[in-house]
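Asker: What follows is a predicted structure for the sequence shown.
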Amino acid sequence: MACFFRTVDNGIKLSSLVSIPDVTDVPAMNKITSNELNRLVTHEDTPKASQPILGHLLTQIFQSFTIPLPDVSNLKIPFGKILHHNQRINEKFSSTSPDTLVPLYDTEAKTWNWALPVDPPENGSTPAGVDSGSDSEDNATQETTHEENFAAFLNAFASCLSRSRSELVAIRFATGTWSAANAQKALPGSAIKRKPDIVLSDDISAKWGNIRVSAELTHSRYQPAMRLGKAADTHAYIMMSEQPWRRFALILSFTNKYRHLRVLMYDHSGGAVSPRFDIYTQPNAFLHIIAAIMFGSLECVGYDTTVSFSRIVSPPRSKDIHGYRPIRNTPARRSSTTDHAVTTSSSDSLPNPDVSSGEALESVVSDDSDDSDDSDDSDESSSDSAHDSTEESPSALHDSMDEENSSPPQPTATRSAPLLSLILQIPQAEMTESIYSVTPLPSQFPYSTQSPEPCGKIRVGEKIYTIKRILFATRGLVGRGTVCYLVTLDDEDYIIKDHWVLGKDDNVVLNEIKMLELMDNVPGVPRLVDYWVVERSDGEPDITRKYRHKERRSTRGTSRTHVRLVLKPCGRPLHMFRTLKEFVRALRDIVKILQTAVEERQILHRDCSLNNAMILDELGSSEGFLIDWEFAVRIAADNKYPIGGTGTVPFMSRGLLNQVAILQQQANSESMKKKTRAHKSTKKPTTPKSSSDSLALPISFVVHRFADDLESLFFIFAWVCIKFSGPNGMVRQGPLPNSLLDRWTSLDLETCAAFKITFFANPAEEKHLTDEFHPYFRDLIPLATEWRKALADNMIHPVTFSTILGILNSHLNKLPDDEELATTVNMLKNDAAILADRFKGKRLASESFSVVEPKRQKSHHTGDTESDSASGSDA
């Protein structure tokens with residue numbers, strides 16, 4: 001299990017500047033996503049006569065879909081294919097044969113010749129598709145759910161469209177099917193058990209990792225804070241988490257007796273809601289939306305056409321490989337060091353801290369004034385969705401995917417000349433049995449040793465790189481959405497950091513590029529090879545602001561720009577250290593990197609976290625490596641910088657946390673004042689989660705010194721010693737009640753700051769720290785106590801580089817060099833013991849597994865350091 005932490009950004013409200021726990025509880029997840037999107041969702045008004053019929057949002061999303069569409073009156077369907085009848089349909093087509101083509105839409109009655117549900121699915125109510133006064137044709141119809149009715153209608157609708165326009169079939173990128181199979185059971189592929197009413201997927205077995213669009217049905221009128229809205233938020237969160245290479249996710253919302261359709265778009269800046277469309281009185285708008293979703297390019301449903309993945313890569317047919325079997329979604333074997341390599345870019349995953357989901361997850365709601373929606377919806381009340389959304393918790397296992405008998409290849413080739421055709425870069429021999437899709441197998445993501453190589457293509461400028469492996473991807477909605485790829489070009493490996501940078505201006509968007517150029521040739525800093533501001537199919541920069549019709553005050557400063565960096569080399573995460581000595585040495589090297597940046601290049605990193613601390617393997621040795629210079633700055637005389645990029649909450653210094661906590665209090669106080677004014681006002685309070693024209697909190701500044709980054713390194717050190725149980729990323733098992741890690745990840749920044757201040761001020765906290773160290777790290781307890789003591793007065797008297805380097809060097813020299821061999825011996829012994837337990841009746845003599853274990857060097861001094869050689873073991 002992992003936990004994903006968000007870096008403090010300007011565009012995120014201070015009330016939401018918290019870590020996002022990896023929760024599986026649906027109500028807790030709903031609260032988190034609601035807080036994430038609070039005041040970041042824009043609602044578009046009904047377009048005027050002079051504006052496009054679909055409004056600004058959908059026009060932007062569907063701009064690549066240019067096929068002329070028929071009028072809805074021209075859609076025909078065999079009468080026998082109309083699965084749901086009512087009294088009107090039966091009377092109108094009483095003498096019609098099943099093979100006769102009839103209109104799908106009745107232009108005179110302004111309704112569909114398909115009995116869509118109109119009543120809520122309550123006990124004793126009329127079944128879906130049957131009017132209250134009509135006789136049902138059979139029991140099967142009566143048992144059909146609302147979700148199954150709508151799914152069948154949408155599939156029939158697509159069939160009518162393809163029959164009326166043959167070119168739609170020719171351009172179709174994938175065969176998608178609407179399904180209601182998961183309306184009553186959780187969709188597999190995520191620990192968060194959600195049941196989307198309807199999903200569009202081109203896979204037989206739909207999973208969160210392969211669905212393209214989901215839809216929700218509710219009988220009530222639309223309100224953003226209603227149950228349907230919260231469900232849509234969480235669905236979008238899961239889709240963007242399980243498919244992090246997406247630009248955005250789409251959710252269809254059918255409300256008000258299922259006749260009002262809205263398209264909800266979620267991206268890394270928040271969300272946007274299309275105007276309301278009545279599917280009965282605006283059938284051509286409905287036709288355009290469904291056609292673009294089902295027949296348009298992958299870009300129309302939120303995918304990035306400049307990256308393409310292969311779902312399975314088979315060997316060339318010309319070669320008979322003995323014993324070959326297609327890749328299956330089996331659990332990954334123990335990975336090698338290179339398999340655990342993480343990019344020279346930012347990552348946001350950490351082992352799961354045991355974060356409680358009680359009062360700390362209370363929703364933070366601001367009652368700013370908001371623009372009113374269309375008048376028909378202004379009084380819509382909150383209600384439950386069409387079905388009971390009580391969640392099940394079945395185990396979500398990946399299905400085996402043996403595709404030896406799969407359908408012909410479905411390329412996702414881009415048709416724009418500048419984009420090139422990514423699919424054409426694949427060798428034809430591999431094309432024979434390769435199915436290309438935007439979704440890799442779950443076994444390919446992340447850190448999988450079973451990923452086929454190559455598993456895709458990605459574009460940077462005019463160059464096309466082959467994706468060898470997905471190294472890392474963040475989770476969530478609002479944020480940078482970082483995905484890191486191990487790629488190759490001309491037989492040379494690179495790292496591509498694909499992320500969404502806050503801002504629109506080049507001086508902000510390209511800050512990391514400038515910082516890496518200034519840090520060029522500094523050991524332990526990634527080297528920038530190339531970069532690209534990603535473009536859409538129309539050649540325009542990929543910026544989230546383009547999807548918003550107008551900017552509101554509460555959404556100012558939240559626009560993000562899609563940027564890719566090509567970097568070298570590739571390192572391991574710090575927690576993948578092999579020995580204690582390598583772990584401490586990497587920390588020491590990172591201190592040296594920070595010192596060089598400050599003293600020689602006048603640059604402050606500002607975001608030291610476990611995500612960004614790495615180990616770089618060199619010939620015969622390793623060294624510390626510091627990545628993610630996105631928020632680095634040139635050092636200012638007053639040491640004041642904008643709050644954006646201040647750090648990652650669990651690792652922020654207490655001084656920074658204290659400053660940000662004060663700003664959070666100011667934001668909460670302002671929110672309470674507005675709430676009080678709203679209660680006193682005669683105006684109806686606005687619905688939470690919408691954007692508004694209320695004043696946004698101005699960009700604030702904090703004092704940030706290099707001593708704050710040195711304190712962050714201590715928290716990284718302590719986190720590893722408490723959370724892990726050994727080398728190579730061995731995560732500690734079992735709960736840690738009242739753990740320091742829980743305190744340092746408090747969802748309230750004021751509380752978190754108070755805990756950290758107390759940690760350094762109270763002598764009893766030293767024992768609390770050392771007691772939580774895993775036994776494997778007991779040799780580092782003296783280092784922990786001395787380092788903590790050196791930071792005690794850091795808020796008043798900033799610690800120096802020389803002080804921290806002196807402490808690390810002195811303890812580094814005391815650590816043995818033969819730990820790796822001893823660890824291997826212990827691992828072999830443990831494996832032998834496990835085997836002995838498994839084979840009943842067979843007693844394996846422990847002597848048969850005996851290995852001479854190297855002896856540790858004994859210290860023959862009191863103050864001198866020991867030799868770094870490995871000569872302490874007996875021959």
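Answerer: Cool, got the structure.
Asker: Flag the shaky bits of the stretch 151-300 of the chain, pLDDT-wise.
Answerer: Of all residues in the stretch 151-300 of the chain, those with pLDDT under 70 make up the ranges 171-175, 203-204, 224-229.
Asker: Break down it into its helices, ranges please.
Answerer: For the stretch 151-300 of the chain, applying DSSP state H, counting those that start in this stretch gives helices covering 166-171, 227-242, 283-295.
Asker: Format those as JSON lines; extra columns: mean neighbour count and distance to Asn813.
Answerer: Every residue, glycine included, has its C-beta placed from N, CA and C. Listed next are those as JSON lines, based on neighbours: other C-beta atoms under 10 Å; distance: least, C-beta to C-beta, whole Å:
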{"stretch": "helix 166-171", "mean neighbour count": "12", "distance to Asn813": "67"}
{"stretch": "helix 227-242", "mean neighbour count": "25", "distance to Asn813": "44"}
{"stretch": "helix 283-295", "mean neighbour count": "21", "distance to Asn813": "63"}
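Asker: Looking at the ones you listed, spot the one closest to Ala181.
Answerer: Distance to Ala181, taken as C-beta to C-beta, is lowest for helix 227-242 among these, at 15.5 Å.
Asker: Over stretch 704-716, what's the mean pLDDT, rounded is fine.
Answerer: The average pLDDT within stretch 704-716 is 96.
Asker: Buried residues of it, list them for me.
Answerer: 704-716 (16 or more other C-beta atoms under 10 Å).
Asker: circling back: out of the helices of the stretch 151-300 of the chain, flag the one nearest Lys468.
Answerer: Distances from Lys468 to each of the helices of the stretch 151-300 of the chain were compared by C-beta to C-beta, and the smallest falls on helix 227-242, at 20.9 Å.
Asker: Output that closest one as CSV, restricted to C-alpha atoms.
Answerer: Listed next in CSV are the C-alpha coordinates belonging to helix 227-242 (Å, rounded to 0.1, in the frame of the first residue of the first chain):
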residue,chain,number,x,y,z
ARG,A,227,-24.7,12.1,-3.7
LEU,A,228,-24.3,11.7,-7.5
GLY,A,229,-21.9,14.6,-7.5
LYS,A,230,-19.8,13.1,-4.8
ALA,A,231,-19.8,9.7,-6.5
ALA,A,232,-18.7,11.3,-9.8
ASP,A,233,-15.8,13.1,-7.9
THR,A,234,-14.6,9.8,-6.5
HIS,A,235,-15.0,8.0,-9.9
ALA,A,236,-12.9,10.6,-11.5
TYR,A,237,-10.3,10.3,-8.8
ILE,A,238,-10.0,6.6,-9.4
MET,A,239,-9.9,6.9,-13.1
MET,A,240,-7.2,9.5,-13.0
SER,A,241,-5.3,7.4,-10.4
GLU,A,242,-5.5,4.1,-12.3
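Asker: From the contact counts, what lies against it?
Answerer: The elements that helix 227-242 packs onto, with contact taken as 3 or more C-beta pairs under 8 Å, 6 or more residues apart in numbering; DSSP states H and E, are helix 26-37, strand 211-217, strand 249-255, strand 260-267.
Asker: Would you reformat the ones you listed as JSON lines and include distance to Val584 and mean neighbour count?
Answerer: Shown next, in JSON lines, are those (distance: least, C-beta to C-beta, whole Å; neighbours: other C-beta atoms under 10 Å):
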{"stretch": "helix 26-37", "distance to Val584": "36", "mean neighbour count": "22"}
{"stretch": "strand 211-217", "distance to Val584": "46", "mean neighbour count": "26"}
{"stretch": "strand 249-255", "distance to Val584": "43", "mean neighbour count": "24"}
{"stretch": "strand 260-267", "distance to Val584": "41", "mean neighbour count": "24"}
